[in-house]
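Asker: show me the folded form of this:
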Amino acid sequence: MRCGPPLTSSAATASERIRGRAPASTRLIRVGAASLAALLAIASSEAMSRETPSSSSSPEIPRSGVRFPRPTRAAPARVAPLARTLAEAHARQRASERSEFEALVRQNFGRVIRFDSPGDERRNDGRIVRLPSRADMSEPDTIFRLAHHHLEVNDYLVQQVESFDKAIDAARERGDAREVGALTRRALEHRTAAKKRRESAVSLYQYLISERARGEHERRDEALYLLVYALGTLGRERELRAAYRELLDEHPSSRFLPEAHFAVGDYELSKARYQAAAKRYEQVLAFTGSPLYAAAFYKLAWCHLEPGGAAAPRYDRSLQSFIDAIEAVKDGRAGSPAQARQLRHDARRDLVRAYVHAGAPDEARAVFARYGDGPGDDERMVDELMERLAARYFSHGMYRESTLIYRELRTRHPADERSCAWQLGAFTNTLATDDKPRQLAEAVKLGQVWVMFRDGDYRKSRKRDCRGAAFGALRQLAALWHAEADSARAVESYDLADQAYQSIFAMAHRRDQCEARRDYAEMLWTRAARELESDDRETRARGRQRFKTVHEQFVSLLECDPDGAFAQDAAYAQMLAMKNYLDDDEAPRRPLLPCQINAVGACVER
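Answerer: Numbering: from 1, shown residues only. Below is the predicted model:
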C-alpha cells in the first residue's frame, strides 16, 4: 500500500518539477536545438501559467503538485562544435515534427507562429519576443536544453496516456470492446514513446557528467541531480544510487542537494520503503531555504501515517508534520504561489487522516480554524475539514464521534444547504447500532430538515436529494420494523413502525402518502386481528378500536389514489374493517379478513 502521493503530479509533471514553470502542454515544441532556445525564450517571456486539471489516480492519497526548480543561467556567447552537430543530426527530425509543433502552437496561441530565422523578432499575442540565435548557446547548454526537451515531450505523452485511460474507462462502461482495444493500443504506444524520451534524457545527462564533458561546464552537480531524478522515473535503482552517491561525495555543498534528497525519497516511496523515504525527506528539512522544505514535511507526514510493514503508524508525528507543512507554506517555503496554494490545500485535506487518531472531536474546530483557513477568503476550509473528519470517523467505526461532528455542524449552520447531508450522516451512524429509538429520532429530524428545505429557498437539486434521503430513511425503518413485528409479534416493533409511518404522513404531501398508507393499513389490520383473538378482554377492546383506524387509513388510501391498482381492495377492506369495529361480540374470534394469513401470520392479498 502506498503511503503518499505519486512521484509526479498531473498538475506538476517531470519537467515542471525541474523548472517550476507552466504545464508542458503549453510549451511542447520540437523543432531542433536552435528553435528550442527560441521557444524557451517565448515561454519565459509569456510566463504561461495555465494549469492542467488534476486527475488523481489514487482516491486515497491525492497528489501534492510539487515542482523542482531549475536554476537560470546565462548562455555563453558562442556555439561549440557539438552543438552544431546536434542541430544537424536533428534537421531531418524537424521536418516530420513541424506539423505537430504547429498544431500545438495553434492550440495554445490561437495561430501558427513560425521560427524560420532564429534571432528575429516575432509578435506573439501582442508582445514582441526576441528570439536568441544559435550563437547564444554553448555545447553543454544545448545538451541541457535538449534533455529538458525530452522530458517535456515525456510529460505531454504521459498526459495523453491519462486522457486515454479516462476514455478507456468510459468505453468500458458503454461496453464498447472495440474502442477499448483501440484506445489501449494508443495508450501503450504513448507509454513506450514516453519511456524512450526519458531514456534519451538520461543518456544526455550521463554525457554531461562523463569524463569527456568534464571541465567544459560548471553544471556537473546539476546534471547529477537531474540524472538521479530521471533514473528514478525509469526505476534504474543501481545507477540512481551511484549518481546520488557521486553527487554527495563530489559536491557536498551543492545547492541541488535538497532536490536530490527529495527525488530519492520519492523513489523510495514508490517502492514502499517508507522508513528509507522518511530519512531522505528529513535530510531535505536541513535546508530551510529550499522551495521543497514544506513539501518534505508533507511527504514525511504520509510516511508516519502509513509506514507499512511491521512498523506502527505514528499518528501524533504525522499530525504534527502536516501542521508543520502548513506553517512552512505560510512562511513562503513552498516555491511558487501556485505550488504553495496546492500544497496548502493538500496538507489541510490530509491532516484529517491523522487527526482521526490523534485528536479529540470536541477540539477539532479550534484546530481546523487555526490551520484550515486563509490566506484568502476562497481558502476557508474549516467546515469542509469538519465534514471530512465526520466521514473519517464513520469509516473507522467511530460512530459516536462522527455524530458529534455532524451535530456541531448543524448547530452552527442550521439553515445551510448541506444541513440535510449532515443530518443524513447522523442518521446513518445510528444504523450501526441497535438503538432503535435513537434511529427513529434521527430519522424524524431528517424529515424535519426536509420540511425546511421544501418550504425554503433552496436549489431544486438539493430539495430533490433531501426529499429522497428523508423518505428513504423513514420508509426503511418502517418496513424493517413492520416485517419484524409481523414475524415476531413484537409490540415494541409495532409501536416503532407506527411512529415511523406517522412521521411520513406528517412531512409528505397527500400524493406522496399513498403507498405508505397502504402498508400502514395492512400493518394495523394484522395487529388488530391478533389483538381480537386474544383471551384478554382489554386487548380485544383495543383490537376493535384499532379496526376503526384501519378503516380510516383505507378510506384515506381511496382518496389518495381512487383509480389506483389497489383501489378495489381498499374499498373492500375499509368496509370489513368497519364491520369488525362495530361487532360488539366480546368473545375471542377470528375477524373478517380481506386477505389470507400466511405461515408467519402476515396478511397476504387473495
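Asker: flag every buried residue along whichever strand or helix holds residue 580.
Answerer: Per DSSP states H and E, residue 580 falls inside helix 567-582. Residues of helix 567-582 classed as buried by neighbour count (16 or more other Cβ atoms under 10 Å): 569, 570, 573, 574, 576, 577, 578, 580, 581. Bear in mind the C-beta positions are built from the backbone N, C-alpha and C, glycine included.
Asker: can you redo the residues you listed as TSV with distance to residue 205?
Answerer: Shown next, in TSV, are the buried residues of helix 567-582 (distance: Cβ to Cβ, whole Å):
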residue	distance to residue 205
569	83
570	83
573	85
574	88
576	91
577	89
578	93
580	92
581	93
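Asker: what bits of this structure have low per-residue confidence?
Answerer: 1-138, 215, 309, 510-511, 584-606 (pLDDT under 70).
Asker: report all helices and strands that the helix holding residue 580 contacts.
Answerer: Judged by 3 or more Cβ pairs under 8 Å, 6 or more residues apart in numbering; DSSP states H and E, the packing partners of helix 567-582 are helix 514-532, helix 537-560.
Asker: go again with 6 Å.
Answerer: Helix 567-582 sits against helix 537-560, with contacts defined as 3 or more Cβ pairs under 6 Å, 6 or more residues apart in numbering; DSSP states H and E.
Asker: buried sites along the helix it packs on?
Answerer: Within helix 537-560, judged by 16+ other Cβ under 10 Å, the buried ones are 540, 543-544, 546-558, 560.
Asker: any idea where the strands of the protein begin and end?
Answerer: Along the chain, counting by DSSP state E, strands occupy 121-124, 127-130, 595-597, 603-605.
Asker: so how far is stretch 236-248 off the chain centroid?
Answerer: Put simply, stretch 236-248 sits 35 Å off its chain's centre (Cα atoms, centre = their mean, to the nearest Å).
Asker: buried set for stretch 291-311?
Answerer: Under the neighbour-count rule (16+ other Cβ under 10 Å), stretch 291-311 has 291-307 buried.
Asker: just the C-alphas of that stretch, formatted as PDB.
Answerer: Extracted C-alpha coordinates of stretch 291-311, given in PDB (Å, rounded to 0.1, in the frame of the first residue of the first chain):
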ATOM      1  CA  PRO A 291      11.400  25.500  -2.000                       C
ATOM      2  CA  LEU A 292      10.900  21.800  -1.200                       C
ATOM      3  CA  TYR A 293      11.000  22.400   2.600                       C
ATOM      4  CA  ALA A 294       7.200  22.500   3.000                       C
ATOM      5  CA  ALA A 295       6.800  19.600   0.600                       C
ATOM      6  CA  ALA A 296       9.200  17.500   2.600                       C
ATOM      7  CA  PHE A 297       7.100  17.900   5.700                       C
ATOM      8  CA  TYR A 298       4.000  16.900   3.700                       C
ATOM      9  CA  LYS A 299       5.600  13.700   2.400                       C
ATOM     10  CA  LEU A 300       7.100  12.900   5.800                       C
ATOM     11  CA  ALA A 301       3.600  13.100   7.400                       C
ATOM     12  CA  TRP A 302       2.400  10.400   5.000                       C
ATOM     13  CA  CYS A 303       5.300   8.200   5.900                       C
ATOM     14  CA  HIS A 304       4.400   8.500   9.600                       C
ATOM     15  CA  LEU A 305       0.700   8.000   8.800                       C
ATOM     16  CA  GLU A 306       1.100   4.700   6.900                       C
ATOM     17  CA  PRO A 307       4.600   3.400   7.400                       C
ATOM     18  CA  GLY A 308       3.900  -0.100   6.100                       C
ATOM     19  CA  GLY A 309       5.400  -3.400   7.100                       C
ATOM     20  CA  ALA A 310       5.700  -4.200  10.800                       C
ATOM     21  CA  ALA A 311       6.100  -0.500  11.800                       C
END
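Asker: by contact count, what packs against the longest helix belonging to the chain?
Answerer: For the chain, the longest helix by residue count, based on DSSP state H, is helix 139-174. Helices and strands touching helix 139-174, by 3+ Cβ pairs under 6 Å, 6+ apart, are helix 14-19, helix 32-46, helix 81-89, helix 177-208.
Asker: now that helix against helix 177-208, angle please.
Answerer: Angle of helix 139-174 versus helix 177-208, following axes from the mean of the first three to the mean of the last three Cα atoms, to 10 degrees, is 160 degrees.
Asker: distance from helix 139-174 to the middle of the chain?
Answerer: 23 Å.
Asker: what's the answer for stretch 405-418, then?
Answerer: 23 Å.
Asker: could you tell me the end-to-end distance of it?
Answerer: Distance between the two ends of stretch 405-418: 13 Å, counting by Cα to Cα, to the nearest Å.
Asker: so how many other residues sit close to residue 250?
Answerer: Neighbour count for residue 250, taken as other Cβ atoms under 10 Å: 12.
Asker: with residue 472 instead?
Answerer: A count of nearby residues for residue 472, using other Cβ under 10 Å, gives 14.
Asker: look up how far residue 465 lies from it.
Answerer: Using Cβ to Cβ, to the nearest Å, residue 472 is found at 10 Å from residue 465.
Asker: and for residue 528?
Answerer: 37 Å.
Asker: the two - which one has more neighbours?
Answerer: Using other Cβ under 10 Å, the more surrounded residue of residue 528 and residue 465 is residue 528, with 24 against 18.
Asker: mind listing what the more buried one touches?
Answerer: Residue 528 sits next to 543, 546, 547 when contact means Cβ atoms under 6 Å, 6 or more residues apart in numbering.
Asker: ok, and the closest non-adjacent residue to residue 276?
Answerer: Nearest non-adjacent residue to residue 276, counting by Cβ to Cβ, 6 or more residues apart in numbering: residue 268, 4.3 Å away.
Asker: same check on residue 433?
Answerer: Distances taken as Cβ to Cβ, 6+ apart place residue 399 nearest to residue 433, at 6.7 Å, with adjacent residues excluded.
Asker: run a quick neighbour tally on residue 266.
Answerer: As a measure of burial, residue 266 has 24 neighbours, counting by other Cβ under 10 Å.
Asker: ignore what I typed, I meant residue 427.
Answerer: 27.
Asker: roughly how far does it sit from residue 402?
Answerer: 11 Å.
Asker: now do residue 178
Answerer: With distances taken as Cβ to Cβ, residue 178 is found 46 Å from residue 402.
Asker: among these two, which residue is more densely surrounded?
Answerer: Neighbours were counted for residue 178 and for residue 402 using other Cβ under 10 Å; residue 402 has more, 25 against 8.
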